[in-house]
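K.L.:
model this:
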Amino acid sequence: MLSGRKLPLIMICVCSSLWAQSNLSKPPQNNTDSGNSSSNGQSPAEPKPADSVKLEIVKSREAIYPLEARRQGIQGQVVLKVLFSENGDVETAEAVSGDPILAESAVDVVKKWKFKPFTRNGKVVKVSTKLPFDF
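P.N.:
Numbering: from 1, shown residues only. Just a heads-up that it's a prediction; the model follows:
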């Protein structure tokens, strides 16, 4: 278990790097036309999304303390490097430190997490960060 408590948002801040790609999709818009012009010939003003300052969890689960780790008395911290897609899903997750038995459980659970999309310069972007899990 994660020490019987959920990770605070402060621990899940961007501490690695951001990637902006030229073909990033824009956030959904409310209008259904092409958005090229309005009835008065001017482009409608679209509010620019504020830049994200931290990753925000939408859905999470607690990691399961593996039975084999319990039998062997293994405890400690696992640090994962996680890449989040533009829509907030976990794209990749890999352990960068920690016991392999505990790491497997941490990777399995973080792949089920969902985050609010991260924005940079008004566009949603992929973001990578390191997440600690205490067992």
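
K.L.:
From what I see, Phe133 and Ala63 are in contact.
P.N.:
Yes. Contact criterion C-beta atoms under 8 Å: Phe133 and Ala63 qualify, at 5.5 Å. C-beta here means a position set from N, CA and C on the backbone, and glycine is covered the same way.

K.L.:
neighbour count winner among those two?
P.N.:
Counted by other C-beta atoms under 10 Å, Phe133 and Ala63 do not tie: Phe133 has more neighbours, with 24 against 20.

K.L.:
got the contact list for the more buried one?
P.N.:
Contact criterion C-beta atoms under 8 Å, 6 or more residues apart in numbering gives 2, 63, 77-80, 98, 102, 106, 110 as the residues in contact with Phe133.

K.L.:
can you count the residues close to the residue nearest to Lys59 when sequence neighbours are not counted?
P.N.:
If the residues on either side of it in the chain are set aside, Lys59 comes closest to Lys114, at 4.1 Å by C-beta to C-beta, 6 or more residues apart in numbering. Counted by other C-beta under 10 Å, the residues lying close to Lys114 total 13.

K.L.:
What of Val79?
P.N.:
Val79 has 14 nearby residues by other C-beta under 10 Å.

K.L.:
quick one: buried residues of stretch 67-76?
P.N.:
69, 74 (16 or more other C-beta atoms under 10 Å).

K.L.:
end to end, how far does it reach?
P.N.:
Stretch 67-76 has its terminal residues 15 Å apart, counting by C-alpha to C-alpha, to the nearest Å.

K.L.:
could you give the mean pLDDT of it?
P.N.:
For stretch 67-76, mean pLDDT is 96.
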